[in-house]
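In: Predicted model and sequence below, questions to follow.
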Amino acid sequence: MKTINIFLFSLIIFSVTQAQTTYWWNDDVFYEIFVRSFYDSDGNGIGDFKGLTAKLDYLNDGIDSTTSDLGIKGIWLMPITESPSYHGYSVQDYFNVEKDYGTNQDFKNFLNAAHARGIKVIIDLVLNHTSDLNPWFVTARSDPGSMFRSWYRWTNVYPGHNGPWGETVWHPYGGYYYYGLFNSGMPDLNYFNQGVKDEVKQIVTYWLDSVKVDGFRLDAAKYICEEGTVLEDAPSTFAYWREFRNTIKQLNPDAVAVGEVWSASSKVSPYVDGTGLDFCFEFDLATEIINAVKGGSASSLTTKIKTTLPQIYPFAQYGTFLTNHDQQRIYSQLGSNVSQSKLAAAFLLTIPGVPFLYYGEELGMTSATDDPSKRTPMQWTSGANAGFTSGNPWKAVNGNYLTNNVETMSADSNSLFNFYKKIIHIRNASPSLREGGFFPLISSNSNVIVFARYKSPNGEMTVSIHNFSSSDVQNYSFSKNDFTGLPVGAFKLTDLLTNRDAGGMNIANNGVITSSLTLTLPAKGSMVLKADKLTDVQDKNFVSTFILEQNYPNPFNPITNINFELPSSGAVKVTVLNVLGEKIKTLVDGWMEEGRHNIKFDAQTLNSGVYFYRLEASGYTNTKKMVLIK
C-alpha cells in the first residue's frame, strides 16, 4: 500500500512537471507548400525548388531583428518524390524528387538555404500506398511469384466489403483482386511483410541521414495496417508507428513525425501517447474554430480548447491549423470576410499547439471545393499570372489575385497579410505563446474566450482575448476565483496588436484575478495583452501578514500538525479536501485571535493518498498539499 501511494504522489508531481513540456516544433510556425504552385523559376508554368529557394526570404530572411518577412520557422512540403500524379500522393520513386521540380541536388540546395535561415523542413512521406506505376507494384502485378507480390495485398476471392466511407477498395486484375484504399492507381502496401518495413527504414534513413530533412508529415497514418475488415486504427497500425518512431529517433532524436489522422479528437489522441507519433493534426479543433468565427458562439470552442484538448493530449502536442490542401480554403469558407479571417488567425496563433498555415492563407486566397482549385498558384503580384510564372501556369491563378497578392497587400497596413505577419512575429517574440502554460480565465461575455499563457518560472505572461460575437464589447473584464499558478502582483496590460495601453489586472496570492480594461473589444476582434508586472507589494503584504506553513510531518500517519499565523483577530476557516476538491473535514470555523495557531489533523479514518488543507480569512485563501501513507 505504501508503494502504491508513493507512486500516486509521484504521478501527480510528474503530471504537473510534464504539463508544460514542449519541443522545438512548438517554437515554430509551419507553412505548408505545394511546390508545383509556389514559384516557377524557369517559365515552364510549374513551381520548382529553385523558385522555392528564391522566395525563402519572403518566409524568413534569417535575421531576427527584421519584420519584413512573414516569420515562418518551419516548412511542410507536400509530396516531392517522383509521381505520375500532379499532387504527388502516389509515389513512383521514394528516393528521387519529382523531375518537374528539379533534381535531388536542387532540393538539397533549397534545404541548405532554408536551414541557413533557421527554417526547419519536413516532407510529406506517403507510406500507406504507392503508385500503380511504382516498379514494386509493376513487378507484383506481372509476376505473382515475385517477392514484391507480398508487398501488397492480393486475394483470388473478392472479399465483399467496401472501404471506410463506402468506396471500392478491392480492384480486379488478372483474375485476382488487390487492395487500394483510395483508388485503383494507389495500391496499399502490406506492413505485415518485413520486406516492406525494411524498405521504409532505408527510405527514412536516406531522407534523414543523407539529405538531412527535419522530419516527416505522414499521410493517411490511420490506414497503415488492416486487420480483416478493420481498415483504420487497427492495433497493428499503432504497433507499426511505435517501430517507426524508434527508427527515426535512432537516426535523429530531434526528427519529428507528424500524423494525418483525420478523425475525431478521441480517436487521434491514442496516436500521441509518447510511444508513437510526436503529434497529429487536430481536425476537430479546426472545424470548431471556423464554426465559432462564422456563427458567433464560442461555447463549443471554449469547451474544446479549455477542457477536451488538455485532457487527451500531452501539453501542446497537437497540430493546429485552419484548412489544408484537402479542404476549401478558409477565406472562402468565411465569405472573404477580413475581420473574421483575422480573428481566426489570431486565435490559431495564440493557443497551445503547433500552428500550420496553408500557403496563401495570409493573402486570403480562395478556392472552390474541388482539389485542384485548392492548390492554385501563389499570388505574388497583380501582374500577369499573379507573378507566379512568365509562362503558362499549370493551373489558372485564382480570380482575386488582382487585389489579394503579396505586393499589393504589403503596402496596406490594415491588410490580412500584414495582420498575419504581425501576429506571427508577436508569437515568435513571446516565450509564453510558444511554450507557456495554458490558463483558462473567466470571461464576462460568453462569446469571448480569454486565457493567459505563462512561461514559468519568473517568465513572461500574455493574456489573449478573442471576441467571436458580431458586436463590440465594452466594459469587458475577465477574472479567476481560485488558484491558477500565475505569478502574484499588479500588472499593466498592453495590446501587442495595437501597441495601446489596455488597462491592468491584479493577481492575488490566493489566485483570484481581477481586471480593468480601458479598450473596447471590437466585433470579431482580438487582443493579445502583454502583462508587465508593476509591483510585488501585494504579494509581500500577503506573505507577511497571513502565514500558512507546510504541515509536519509530511508524509504522515495518521496525525499531522497544521500551523498558521494571523495578523489580526477575525473569522477563520480551515478545511481538509481530497484530490477532487471535495471537503473531507472542517478543522476550524469561527473566531480566532491574532497570532500563531497549531491545529492537529487526525486521519485515522482516511485512506492513504494526497490531500489538501485550506486557510480562509478576511478574503485571504491559501492551500497546501499533504500526503497520508499508511
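Out: The structure has been received and is ready for your questions. Residues are numbered from 1 along each chain as shown.
In: do you know how far H161 is from G228?
Out: Applying CB to CB, to the nearest Å, the value for H161 to G228 is 9 Å. In this view, the C-beta of every residue, glycine as well, is placed from N, C-alpha and C.
In: Pretty sure T155 sits against P172.
Out: No: at 10.6 Å, T155 does not count as touching P172 under the criterion of CB atoms under 8 Å.
In: can you pull the buried residues of the helix or strand hosting T621?
Out: According to DSSP states H and E, T621 maps onto strand 620-628. Buried residues in strand 620-628, counting neighbours by 16 or more other CB atoms under 10 Å, are found at Y620, T621, N622, T623, K624, M626, V627, L628.
In: Just flag the most distant two among these.
Out: Across the buried residues of strand 620-628, the longest distance by CB to CB is 26.0 Å; it joins Y620 and L628.
In: re the thing from before, I'd like the buried residues of strand 620-628 laid out as JSON lines, including pLDDT.
Out: Shown next, in JSON lines, are the buried residues of strand 620-628 (pLDDT from 0 to 100):
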{"residue": "Y620", "pLDDT": "72"}
{"residue": "T621", "pLDDT": "77"}
{"residue": "N622", "pLDDT": "82"}
{"residue": "T623", "pLDDT": "87"}
{"residue": "K624", "pLDDT": "89"}
{"residue": "M626", "pLDDT": "93"}
{"residue": "V627", "pLDDT": "93"}
{"residue": "L628", "pLDDT": "94"}
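In: what would those residues look like in CSV with distance to G485?
Out: Shown next, in CSV, are the buried residues of strand 620-628 (distance: CB to CB, whole Å):
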residue, distance to G485
Y620, 18
T621, 14
N622, 14
T623, 12
K624, 14
M626, 19
V627, 20
L628, 24
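In: Could you chop the protein up by domain?
Out: Domains of the chain are assigned by automatic domain parsing as 22-126+282-427, 135-179, 432-540, 546-628.
In: Buried residues, stretch 518-534. List them.
Out: By neighbour count on 16+ other CB under 10 Å, the buried set for stretch 518-534 is L519, L521, A523, K524, G525, S526, M527, V528, L529, K530, A531.
In: next one: that stretch to chain centre, how far?
Out: Chain-centre distance of stretch 518-534: 23 Å, with CA atoms, centre = their mean, to the nearest Å.
In: and what of stretch 298-305?
Out: 16 Å.
In: CA atoms only for that stretch - export them in CSV, please.
Out: Extracted C-alpha coordinates of stretch 298-305, given in CSV (Å, rounded to 0.1, in the frame of the first residue of the first chain):
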residue,chain,number,x,y,z
ALA,A,298,-17.9,30.4,-28.6
SER,A,299,-19.3,27.8,-26.2
SER,A,300,-18.3,24.7,-28.1
LEU,A,301,-14.9,26.0,-28.9
THR,A,302,-14.4,27.1,-25.3
THR,A,303,-15.0,23.5,-24.1
LYS,A,304,-12.7,22.2,-26.8
ILE,A,305,-9.7,24.4,-26.0
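In: Report the mean per-residue pLDDT for that stretch.
Out: For stretch 298-305, mean pLDDT is 96.
In: same deal with stretch 578-598?
Out: Taken as a whole, stretch 578-598 has an average pLDDT of 86.
In: what do you get for stretch 489-496?
Out: 93.
In: Can you give me the buried ones in it?
Out: Under 16+ other CB under 10 Å, the buried positions of stretch 489-496 are G489, A490, F491, L493, T494, D495, L496.
In: just checking, the first one touches A508?
Out: No: between G489 and A508 no contact is recorded; they are 9.2 Å apart, counting by CB under 8 Å.
In: nearest to Y206, of the buried residues of stretch 489-496?
Out: Distance to Y206 across those (CB to CB) is lowest for L496, with 43.1 Å.
In: List the residues that contact that closest one.
Out: The contact partners of L496, by CB atoms under 8 Å, 6 or more residues apart in numbering, come to I426, S430, T462, V528, L529, K530.
In: Next, the contact list for I599, please.
Out: Applying CB under 8 Å, 6+ apart, one finds that I599 lies in contact with N561, I562, N563, F564, V574, L587, V588.
In: Need the nearest residue in space to N128, chain neighbours excluded.
Out: Spatially, and ignoring its direct neighbours in sequence, N128 is nearest to A220 (4.1 Å; CB to CB, 6 or more residues apart in numbering).
In: and the gap between the one you found and E260?
Out: Distance, A220 to E260, using CB to CB: 6 Å.
In: Chain neighbours aside, what residue packs nearest to N190?
Out: Closest residue in space to N190, ignoring its immediate chain neighbours: R153 at 5.2 Å, by CB to CB, 6+ apart.
In: burial count for that neighbour?
Out: Other residues lying near R153 total 20 when counted by other CB atoms under 10 Å.
In: How about the contacts made by it?
Out: Contact analysis of R153 by CB under 8 Å, 6+ apart lists Y178, Y179, D188, N190, E226.
In: Filter those residues down to just the ones in strands.
Out: Counted as lying in strands by DSSP state E, out of these, are Y178, Y179.
In: between the contacts of R153, which is closest to V91?
Out: Nearest to V91, judged by CB to CB, of the contacts of R153 is D188 at 12.3 Å.
In: most centrally placed residue in the chain?
Out: Nearest to the mean C-alpha position of the chain, counting by CA atoms, centre = their mean, stands G353 at 2.5 Å.
In: looking at it, that residue is touching A286, isn't it?
Out: No: taking CB under 8 Å as the definition, G353 is not a contact partner of A286, at 10.7 Å.
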